[in-house]
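> Everything below, folded, please.
(chains A and B)
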Amino acid sequence: MHRRTALALLATVPALAGLSRKALAAEWDSTLSAAQGQTVYWHAWGGDPKINDFITWIGEKAFERHGVTLEHVKLASTSDAVARVLAERQAGQTEGGAVDLIWINGENFAAMKAQGLLFGPFAEDLPNWPLVDVTGKPATVTDFTLPTEGFESPWAMAQLVFEYDTERLKIPPQTIDSILQWATENPGRFTYPQPPDYLGTTFLKQVLYGVLPDPAILQSPVDDTTYDAQTAPLWAYLDQLHPVLWRAAKAFPQNEPALGQLLADGEIDISFAFNPGRASAEIAAGNLPDSIRTFVLKGGTIGNASFVAIPFNAAHRAGAMVIANLILDPEVQARAQDPNVLGFQTVLNLQTLAADDRARFDALDLGVATLSPADLGPVLLEPHASWMTRIAQEWSSRYGVAQ
Amino acid sequence: MTGWQSAGLLRLAPPLTLGLMAIPVVAGLSGTAIPALRGGGAALGKLLDWPGLPRAVALSLGTGVASTLLAVALTFLILAAFIGTPRFTRIRRTLAPLLSVPHAAAALGLAFLLAPSGWIARVVSPEITGWTSPPNLLILNDPFGLSLTIGLVAKELPFLLLMALAALPQIDAQRRLTTAATLGYGRIAAFAFTVAPALYRQLRLPVYAVLAYGMTTVDMALILGPTLPPTLSAQITLWMAEASLSMRDTAAAGAMLQFALVLAALAFWRGLEIGAHRAVIATAELSLRATLLDRPAALLAGGASLLITGGLALGLAGLCLWSIAGLWQFPDALPETLTLKTWMTAGPSLTATAAVSLLIAATATLVALVLTLACLQAEATYRLTPGTRALTLLYLPLIVPQIVFLPGLQSLALPLGIDGTPLAVAAAHLVFVLPYVFLSLSGPFRAWDPRIGTTAATCGASDARIFWQLRLPMLTGPILTATAVGLAVSLGQYLPTLLIGGGRIETLTTEAVALSAGGNRRLIGAYAVLQLLLPALAFAAALLVPAILWRNRRGMRVAA
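Numbering: from 1, shown residues only, chains lettered A, B, ... in the order given. Purely as a prediction, here's the structure:
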């Protein structure tokens, strides 16, 4: 850490800035040579074959360019990896840990950072870091209002978009209130994943944005004294919505893919996802009919970034940093944004890219169902993580234990 | 080979085996009990404060006991109605592939069949029902756990039937039935009075394992079970997965409660056994021939076995079809297009993963077989009678829910630095494979007619020679069945592979469960086909090899 602070100080002296850049470059060279021949175990959710294929592709690139072998450890839940690192520390294993890199954000990041389970800061030392759009996409350095401080490096932007079938629904509702009205007129044709699922809780937060008189309070931690009064409109909204939900709210889909499957099976008419390109990618893969389109709500929808982090005891730290840097490479980012591959939004600032790199993005056909960056509308920041925990808990005690 | 016997190595086999079973479980249990009790009962308090607890407990008990009762009753009904008929041979042939279906795949297959947007609804819509979009009916994840119970019955019935099939020849069922029939008893009465009591004695431990499994299953409960709240075991898993890590102690307390529940259910079951025992005796004393029962019983048994085999088979066929489906929308009965894309993209990793799974399964099964045979032979040679305590130790890994002791076991493996290797995973699998292998082999082994051995001994054969040249060859069928069971158990392990493998060892099951989190029916279908194929081959061998070997040996044929 001290060396890094020294370098940062050096960089503030204009005459020495060149030297510090050189020092950083030398440091990166030593990282690269240390990484050569390493096998990096990337623990990442394995529930989506498209993402799995993409990670395989990154592995091929990493081996080609840097001699780093990438193993994707497919998780059913990110917290499996968090639990693993925690168990290792409890067992006194402070080096040579099984987890080298974790796909992470939000609560998992907050928990690991608070417990000192992460290595870093490292992200801002990555050679590709200057390409990241930290001003235009503040979510790349603020994870659920928690500053990342270089303990995780972004790799994809996500934003909540709604999906609907134009064959069944001509004009989709465009506000939280009109969704309630539409659901009342079309009972059984809408639902959301059961909290504490991530996407389900995001829907609750989106409702909060829609029903709170002053959504700015979401950026501060929950205040116990005012919490009940503040969230009353949310529960009032859900009390009205639930009787007209799919299965009259007696069962809920368990996660995003399960919700998507309901749309594909024609069980519901409106679905939503955290990936604006998901619908197009699913149409391209033949999983959804090409009559599916997406829409966002007036006033904007919640957006955030996905990150990678390195555990404090990672066995192959250098290799993990090489992967984290490779993921920020314009070629990799452009491939991730291709709806035929993933359809993820890039974290890079396209204005800072070299012309040929920018051309990669310009050449992308975003797909029939994907909204243009302009149509995606404003991105609402994630509320403080305490909101997510609190409303998910209260949801469970209100609706999660049937009478 | 007399060497290892005279050296007394054989005598060490039972304690060694019991140690292999008990130490990991006890170590793991204490690893769970410590966090559960840490903080002076704070975790327990948090658990008791959870408003969903009474219902989750009731669901866990209800689905576990109901599914076991139904599965046992149906097993006996099918055996009673069909033993010795051509239909029985047909049912037997369908068993092996059904047994090897992993739980998660069976559950997903059934879910696709029964859902309002499922295959059945698709076939009859819109022509018969008039539905152009799926009806809003709560069939899966119903609040009473009915679909979970049905799923469990469908999955456990083949297991119990196969265990019964292995035991039937040993109790000379056919002769008992013939004798009863000559006395004028109907099929059902003859079976209930002369075969069922002896058969149940051999089936008892498999039944206990089914009961413990039914109460603590996680993957099936997550797919078919209720969610508001889920069963206790599913909720424990959700707590373990909580990102904030703050619920881990509560999960540990829940796991201890789950353990207590399993013990209580077993005690309750013991009570049922005693009651049933008395009822059978009391009814037998009435000398009812009950011939009128036979027709309706045969109809019921036929209907039930058709529903279950048909349901599972169609569900799996549905998954297979999904693995080659393009766009497949409601209410199309068949996919719009067929494509091999899923198989092509998954092909390379499928092959590698299948090889690793098979290697681990073969290692664990081989060790389990050697240990089991050594134990049983030691028991026979030294006239040891396995005490109840020893038996309890052996079945500990089946009765103590995995979710209770595996995290503790993992923290044991970590400082030793042995986690993350295929060998460590195989060792962890051995803990679960061995009891099943023992379960499936001990009955037939012990029931082997000792007069054969005595005769051989009077002719001058040594114990070793009797073992290698008489007992072992005569037990080919049960040994192959035990091998198939061992392979199937190992191939189906999820939690041990994930935890002890440190996520570095990928098997078909860890891949399939990770995928099922994403609900992708196409890929799940592809993995399920492979997961099903490997053990199915082993089971098919277990049925075919003895049939070929003993084609000229009437006395060695399985009663059928």
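
> which bits of the stretch 1-150 of chain B sit near chain A?
B:51-52, B:55, B:115-117, B:133-134, B:136-138, B:140-143 (C-beta under 8 Å from any C-beta of the partner chain). (C-beta placed from N, C-alpha, C; glycine too.)

> Out of those residues, which two sit at the greatest distance?
B:51 and B:133 (35.1 Å; C-beta to C-beta).

> more crowded one of the two?
residue B:133 (19 against 14; other C-beta atoms under 10 Å in any protein chain shown).

> show me what contacts the more buried one?
A:168, A:266-267, B:330-331 (C-beta atoms under 8 Å, 6 or more residues apart in numbering or on different chains).

> wait, is it part of a helix?
No: assessed with DSSP: H, G, I helix; E, B strand; the rest coil, residue B:133 is coil; it does not lie in a helix.

> Quick check: residue A:144 touching residue A:388?
Yes: under the criterion of C-beta atoms under 8 Å, residue A:144 makes contact with residue A:388 at 7.3 Å.

> overlap in contacts of those two?
A:106-107.

> Give me the more crowded residue out of these two.
Per other C-beta under 10 Å, whichever of residue A:144 and residue A:388 has more neighbours is residue A:388, with 24 against 19.

> if we can go back for a sec, of the residues of the stretch 1-150 of chain B next to chain A, which is the most crowded?
Busiest of the residues of the stretch 1-150 of chain B next to chain A [other C-beta under 10 Å] is residue B:141, holding 26 neighbours.

> now that one, nearest residue through space, not along the chain?
Leaving out its chain neighbours, the residue that sits closest to residue B:141 by C-beta to C-beta, 6 or more residues apart in numbering or on different chains is residue A:251, at 4.1 Å.

> Could you say which helix or strand holds that neighbour?
Assessed by DSSP states H and E, residue A:251 sits outside every helix and strand.

> quick one: residue B:445 and chain A, what's the gap?
39 Å (C-beta to the nearest C-beta, to the nearest Å).

> what's the neighbour count on the residue nearest to that residue when sequence neighbours are not counted?
Nearest residue to residue B:445, sequence neighbours excluded (C-beta to C-beta, 6+ apart): residue B:376, at 4.6 Å. Applying other C-beta under 10 Å, we find 24 residues neighbouring residue B:376.

> Confirm for me that residue B:376 is in contact with residue B:440.
No: when contacts are counted by C-beta under 8 Å, residue B:376 is not listed as touching residue B:440 (11.9 Å).

> helix/strand/coil for residue B:136?
Residue B:136 - assigned by three-state DSSP - is coil.

> tell me which helix or strand of chain B sits lowest on mean pLDDT?
helix B:3-6 (a mean of 47; mean pLDDT, DSSP states H and E).

> quick one: contacts for the residue nearest to residue B:141?
B:138, B:140-142, B:226-228.

> Just want the phi and psi numbers for it.
Dihedral angles of residue A:251 (phi, psi; degrees, to the nearest 10) stand at phi -150, psi 150.

> Tell me how many other residues crowd the nearest residue to residue A:312 once chain neighbours are set aside.
Excluding its sequence neighbours, the residue lying closest to residue A:312 (C-beta to C-beta, 6+ apart) is residue A:119, at 5.1 Å. Residue A:119 has 17 neighbouring residues, counting by other C-beta under 10 Å.

> Likewise for residue B:365?
Neighbours around residue B:365, by other C-beta under 10 Å: 28.

> Regarding it, what is its secondary structure?
Residue B:365 ends up helix, using three-state DSSP.

> pretty sure it contacts residue B:481?
No: shown here, residue B:365 and residue B:481 do not form a contact pair, counting by C-beta under 8 Å, at 11.9 Å.

> Residue B:212 touches residue B:396, doesn't it?
No: if you go by C-beta under 8 Å, residue B:212 and residue B:396 don't touch, sitting 10.3 Å apart.

> Looking at those two, which is more packed in?
Higher neighbour count among residue B:212 and residue B:396: residue B:212, with 26 against 19, using other C-beta under 10 Å.

> That one and residue B:247: what is the separation?
Distance, residue B:212 to residue B:247, by C-beta to C-beta, to the nearest Å: 24 Å.

> who touches residue 253 in this structure?
The chain I'm using is chain A. Contacts of residue A:253 (C-beta under 8 Å, 6+ apart): A:191-194, A:259, A:261-262.

> right idea, wrong chain: chain B
Counting by C-beta under 8 Å, 6+ apart, residue B:253 has contacts B:36, B:43-44, B:46-47.
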